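>>> how would this look folded up:
(chains A and B)
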Protein chains: 2
Amino acid sequence: MATRVEAGSRERMLEAAISLMRRTGLSGAGINEVVRESRAPKGSMYHYFPGGKQQLAAEAIDVYAARVRDFLDATLSAARTPAGKVHALFEALARRIEDAQFEASCAAGAVSLDLDAQLESLRRNVDAAFSGWVDTIAAQFRPRNARAANSFASLVLTTIEGAYIRSRIARSTEPFREAGRWLSGIAQTTFGN
Amino acid sequence: MATRVEAGSRERMLEAAISLMRRTGLSGAGINEVVRESRAPKGSMYHYFPGGKQQLAAEAIDVYAARVRDFLDATLSAARTPAGKVHALFEALARRIEDAQFEASCAAGAVSLDLDAQLESLRRNVDAAFSGWVDTIAAQFRPRNARAANSFASLVLTTIEGAYIRSRIARSTEPFREAGRWLSGIAQTTFGN
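I've put the predicted structure just below:
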């Protein structure tokens, strides 16, 4: 029993860290906030994450990265044409930020703008998350035009990260929908119908 | 004399707040950090900014917004063709983030991902900054295609904000240069040569 309860605490702390990072980046995901949000015993924090906040944040980014990768793959695969894939992705993201009332965005993006030189190891986790996502997006377009797929996928990710910033400030889904329209156009031109 | 010294303190505090926000967003621009970075007497903080951190941040965003607007106008105006304007802008931004050793980005973008519901008034300052920048970018393209200019300018800003996130994590200018290539292509297609 004790093991199951503890395993639950560890998972809840990671989920709390992800949720807090999506809202206000690394600065909002301090030990006290994670303990409060997860309702885990404070002692279990250093039991599971002896490296403290940085270790927790790094593991949370890894969990989040895998989850987003699955989301990207499922959303893009459900549409058939290149333009349709891009449209479906930006529509899905628009609905997600609206559901979050424009108060939560990408955990990796939010952490990125909080990094300083002391957080070099966390930067590497975010870098791996971004690389994995670019690869997942690119896989959808490689069969049509291998040369352009990676660069286009990277543009898609850049635009998504920017759209989160714009959407949170405008409190509107329009930055996602607008970017989706332009990038669908590029997808059609570059990868065909 | 006293007045001149005090006026200098106020300006130095605003500059320190901008510099700190560019590095780590709102979370890094606390009263203590701004006082330390600006070397202003702590008492002058509440003298000039009785509303504390939020007032200082809001005024710093307004100063920063005007400065970026001038930079956008000068950089875009210096090139002649639509594609050339986009290329020049992303090149200039690539050089800026490289000069900052990938540790400083857009103050408004960095603050955006730190906002919560309690910071509604600051959100409005950032919203005004973004709107002003979109308008400044759009003005360059309206004579060619008035209908598309605003939406394209908004895409350019979205992409810039995302490129800052990607560049800081990759410690590379490539996200700016890559986005600049794609968006130059759109500019040529949409606005002609």
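>>> what's the helix or strand for residue A:9?
Under the criterion of DSSP states H and E, residue A:9 resides in helix A:2-24.
>>> So which elements touch that helix?
helix A:31-38, helix A:42-48, helix A:53-77, helix A:107-112 (3 or more C-beta pairs under 8 Å, 6 or more residues apart in numbering or on different chains; DSSP states H and E). From N, CA and C alone the C-beta is placed, and that goes for glycine too.
>>> Worst mean pLDDT among these?
Among those, helix A:42-48 carries the lowest mean pLDDT, a mean of 89.
>>> Tell me the gap between that one and the middle of its chain.
Mean-position distance between helix A:42-48 and its chain equals 26 Å (C-alpha atoms, centre = their mean, to the nearest Å).
>>> go on, stretch A:142-157?
19 Å.
>>> Show me what it is in contact with.
Stretch A:142-157 is contacted by residues A:82, A:86, A:89, A:130, A:133-141, A:183, A:186-187, A:190-192, B:159, B:162, B:166, B:175, B:178-179, B:181-182 when judged by C-beta atoms under 8 Å, 6 or more residues apart in numbering or on different chains.
>>> Using PDB, write out every CA atom in that stretch.
What follows is stretch A:142-157, C-alpha atoms only, in PDB (Å, rounded to 0.1, in the frame of the first residue of the first chain):
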ATOM      1  CA  ARG A 142       8.900  13.700 -45.600                       C
ATOM      2  CA  PRO A 143       7.200  11.300 -48.000                       C
ATOM      3  CA  ARG A 144       6.100  14.300 -50.100                       C
ATOM      4  CA  ASN A 145       9.300  16.400 -50.000                       C
ATOM      5  CA  ALA A 146      12.100  15.100 -47.800                       C
ATOM      6  CA  ARG A 147      14.300  18.100 -48.400                       C
ATOM      7  CA  ALA A 148      11.800  20.700 -47.100                       C
ATOM      8  CA  ALA A 149      10.200  18.600 -44.400                       C
ATOM      9  CA  ASN A 150      12.600  19.300 -41.500                       C
ATOM     10  CA  SER A 151      12.800  23.000 -42.100                       C
ATOM     11  CA  PHE A 152       9.000  23.300 -42.500                       C
ATOM     12  CA  ALA A 153       8.400  21.300 -39.300                       C
ATOM     13  CA  SER A 154      10.800  23.600 -37.500                       C
ATOM     14  CA  LEU A 155       8.900  26.700 -38.700                       C
ATOM     15  CA  VAL A 156       5.600  25.100 -37.600                       C
ATOM     16  CA  LEU A 157       7.000  24.600 -34.000                       C
END
